[in-house]
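Trainee: here is a sequence with its predicted model. Questions after.
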Amino acid sequence: MSNEVKLASVALYLDFKSRPIGEYNTDHKNLEIFLIASISLAAKAMGDLRTDHEFESRMFVNREKLVDAEERIIRSFGVQESIIPVPDLVLQLTKRHIESMAEGFAERELVSNNEKMELVQRSYGYLDAALEKGLNPKMSYRGRAAGVMLKTVQDLGLQISENDIARAAGFDKRSMEINRDAIDALLKDSKA
């Protein structure tokens, strides 16, 4: 755990340093969100998928702000390639996000347990194929997760709405569709 916490702290500091003076002091909300996001990322890197729901409900953190803060922290790792390879971290977080989304659909009884497993495996397959074919490295982990999840749900014919997928990804519907289209373009000749 200590290494993940150190990495999150470095990223938080780098993001802090790059912002205008006073921006973190607005009601101390930004600092709180970035501290929570650094803990959330450390937990996800260790395999704990419950953090989004827990932080939303127990700490009253807006999910979109939490996800935005996580993305900023990940981007801050860009200058820290020697500490942790960013593509590896983004891939790991994408897979965790796919699992978390599928788990949420199962909890809401939108999919069965078997469908949940197939949803995760097929999404992984699409993600791997898209990466092999040159998926834009700048696409965020939640953008990747939303894009492959939307493609998978549609291919499997599951009854999960685009709004449900967007909400689970912490994304807006239009951005999710743009990411799905980018992934579709890469995979037009592939079967996962």
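Mentor: That came through fine. Numbering: from 1, shown residues only.
Trainee: element containing Ala129, please.
Mentor: helix 113-132 (DSSP states H and E).
Trainee: give the rounded mean pLDDT of the helix or strand following that helix.
Mentor: On the C-terminal side of helix 113-132, the closest following helix or strand by DSSP H and E is helix 141-156. Looking at helix 141-156 alone, the average pLDDT works out to 89.
Trainee: for helix 141-156, buried residues please.
Mentor: Within helix 141-156, the residues that count as buried by 16 or more other C-beta atoms under 10 Å are 141-153. Glycine gets a C-beta too; all of them are placed from N, C-alpha and C.
Trainee: can you redo the residues you listed as a markdown table with distance to Ala166?
Mentor: As requested, those are arranged in a markdown table below (distance: C-beta to C-beta, whole Å):
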| residue | distance to Ala166 |
| --- | --- |
| Tyr141 | 15 |
| Arg142 | 10 |
| Gly143 | 11 |
| Arg144 | 14 |
| Ala145 | 11 |
| Ala146 | 7 |
| Gly147 | 11 |
| Val148 | 14 |
| Met149 | 10 |
| Leu150 | 8 |
| Lys151 | 14 |
| Thr152 | 14 |
| Val153 | 11 |
